[in-house]
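In: Mind looking at a prediction? Sequence and model below.
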Amino acid sequence: APLLNRNAGCLVSAAGGNSDVLKRAEGWKGLCGADKVDKLPPVTALKGAGTTESIIWRDAERTFKSEPLRKQMISTLEAVADGDYHQGMGYFCGFLLLVVEPSDVSKILHRVGTDDFYTPGYWKGQPEAFVRDAMAYERLLEKRSPEVAAHLKTAGLVPEAYAQKWFVGLCVHTMPFRPLLDLFEHFLREGHMFLFKLSLAITDAIASKVLEAKATEVNKLFELLRLDKKHFPDTMEEETGFFSGIVKAAKEMELDAGEVKGLREAQMVVLQEKLAQVRKKEQELKDAEDSD
């Protein structure tokens, strides 16, 4: 399956070969409180639910080659996607279904998608919560790595474009599976604070390559920021522990929760002002069209 492109030997087909990983993943529902969820709340069905027109159906088709797994992914996502959906939820769901019971996957997704400790609002078609946090991360980056922040700004790269894979997709498709296991556990323990630390650890790890690339090499910079296999093959994990090193650095990083909270609040104000200006402009254009 396409999802397994970065398996890198973590999950095997031999009988009993995944017992350690499965035992580890069994504890994830307890880390996020999903084990206390008796019944999922009702949700508003997505447009095209139950048909091939559904965005979830298309994501399942891209994630798995097996029809039973596709159907499992669709039913799991439809149980929690409340009238709105973002592909990032599909990324996390697809990985979880490889190692966690489907009924528990739905509960984990529900907790992550609704509890303030995690990332409510990230898995929406227009994820304002993520954009706010991407803007807050940029403020942290300017303070921690001013040269990198300035270089990305010169290239015209905004974090709401390049950091989705980290924050919303939880690095599925950007890291080999074994470091992802650690990443998920730290995220489920620490919540959204871990994602801020992770994003800074990623930019720390790739800073030299980012600065070597010219500001005009926008495509290359995007590839670097997305940890593209072209630049960061899975063999780097075996050779240098590159990916697990990022996760370890994030775990050990000290970041003030009060500072992050203040940045999130301030950036939400900035974002709402921007959105108000956009809506005003759209209304002016609509009024101009109506008067013609």
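Out: Good, I have the coordinates. From a predicted model like this one, the values you see are computed outputs, not experimental measurements.
In: Point out where the chain drops to low pLDDT.
Out: Applying pLDDT under 70 to the chain flags the ranges 1, 292.
In: Go through the longest helix along it and flag the buried ones.
Out: The longest helix of the chain (DSSP state H) is helix 257-291. By neighbour count on 16 or more other Cβ atoms under 10 Å, the buried set for helix 257-291 is 260, 263, 264, 267, 268, 271. All C-beta spots, glycine's among them, are computed from the backbone N, C-alpha and C.
In: Grab the nearest non-local neighbour of the second one.
Out: The one in question is residue 263. residue 136 (3.9 Å; Cβ to Cβ, 6 or more residues apart in numbering).
In: One more: the fifth one?
Out: Counting by Cβ to Cβ, 6+ apart, residue 268 lies nearest to residue 132, which is 4.7 Å off, once chain neighbours are set aside.
In: Figure out the helix or strand that the one you found lives in.
Out: Element membership of residue 132 [criterion: DSSP states H and E] is helix 128-144.
In: Tell me which other helices or strands that helix touches.
Out: With contacts taken as 3 or more Cβ pairs under 8 Å, 6 or more residues apart in numbering; DSSP states H and E, helix 128-144 sits against helix 146-154, helix 159-162, helix 164-167, helix 192-212, helix 257-291.
In: I'd like the distance from that helix to the chain centre, please.
Out: From the chain centre to the centre of helix 128-144 is a distance of 14 Å (Cα atoms, centre = their mean, to the nearest Å).
In: contact partners of that helix?
Out: 119-122, 148-149, 158-160, 163-164, 167-168, 192, 195-196, 199-200, 203-204, 255, 259-260, 263-264, 266-268, 270-271, 275 (Cβ atoms under 8 Å, 6 or more residues apart in numbering).
In: that older thread, how much space between the residue nearest to residue 263 and residue 268?
Out: Applying Cβ to Cβ, to the nearest Å, the value for residue 136 to residue 268 is 9 Å.
In: before we move on, what about residue 66?
Out: Going from residue 66 to residue 268 by Cβ to Cβ gives 41 Å.
In: next one: residue 42
Out: Where residue 268 is concerned, residue 42 sits at a distance of 28 Å (Cβ to Cβ).
In: where's the longest helix of the chain relative to the chain centroid, distance-wise?
Out: Put simply, helix 257-291 sits 23 Å off its chain's centre (Cα atoms, centre = their mean).
In: Next, the angle from that helix to helix 192-212.
Out: 80 degrees (axes from the mean of the first three to the mean of the last three Cα atoms, to 10 degrees).
In: and helix 257-291, what does it pack onto?
Out: helix 128-144, helix 192-212.
In: closest one to residue 14 among these?
Out: Between residue 14 and these, the tightest spacing by Cβ to Cβ is seen for helix 192-212, at 31.9 Å.
In: Tell me the helix or strand right after that closest one.
Out: In N-to-C order, the element after helix 192-212 by DSSP H and E is helix 218-225.
In: how about that next one: buried residues?
Out: 220, 221, 223, 224, 225.
In: again, but for stretch 236-247
Out: Applying 16+ other Cβ under 10 Å to stretch 236-247 flags 236, 237, 242, 243, 244, 245, 246, 247 as buried.
In: swap in stretch 187-198?
Out: 187, 188, 190, 191, 192, 193, 194, 195, 196, 197, 198.
In: can you tell me which two in those are farthest apart?
Out: Longest span within the buried residues of stretch 187-198, Cβ to Cβ: 188 and 196, 15.5 Å.
In: on that earlier part again, which one among the buried residues of stretch 236-247 gets closest to residue 96?
Out: The closest of the buried residues of stretch 236-247 to residue 96 turns out to be residue 247 (Cβ to Cβ; 17.6 Å).
In: what's the closest of the helices and strands packed on helix 128-144 to residue 32?
Out: Here helix 192-212 is closest among the helices and strands packed on helix 128-144 (Cβ to Cβ), at 12.1 Å.
In: Which elements pack onto the closest one?
Out: Applying 3+ Cβ pairs under 8 Å, 6+ apart, we find helix 192-212 packed against helix 128-144, helix 146-154, helix 164-167, helix 177-190, helix 218-225, helix 242-252, helix 257-291.
In: what's the closest of these to residue 96?
Out: With Cβ to Cβ as the criterion, residue 96 lies closest to helix 177-190 of the helices and strands packed on helix 192-212, at 8.4 Å.
In: Give me the contacts around that closest one.
Out: With Cβ under 8 Å, 6+ apart as the test, helix 177-190 has contacts from 6-8, 10-11, 21, 24-25, 28, 31-32, 95, 108, 112, 118, 170-172, 175, 194-195, 197-198, 237, 243-244, 246-248, 250-251.
In: I'd like the distance between residue 81 and residue 45.
Out: Distance, residue 81 to residue 45, by Cβ to Cβ: 9 Å.
In: Okay then, goodbye and thanks.
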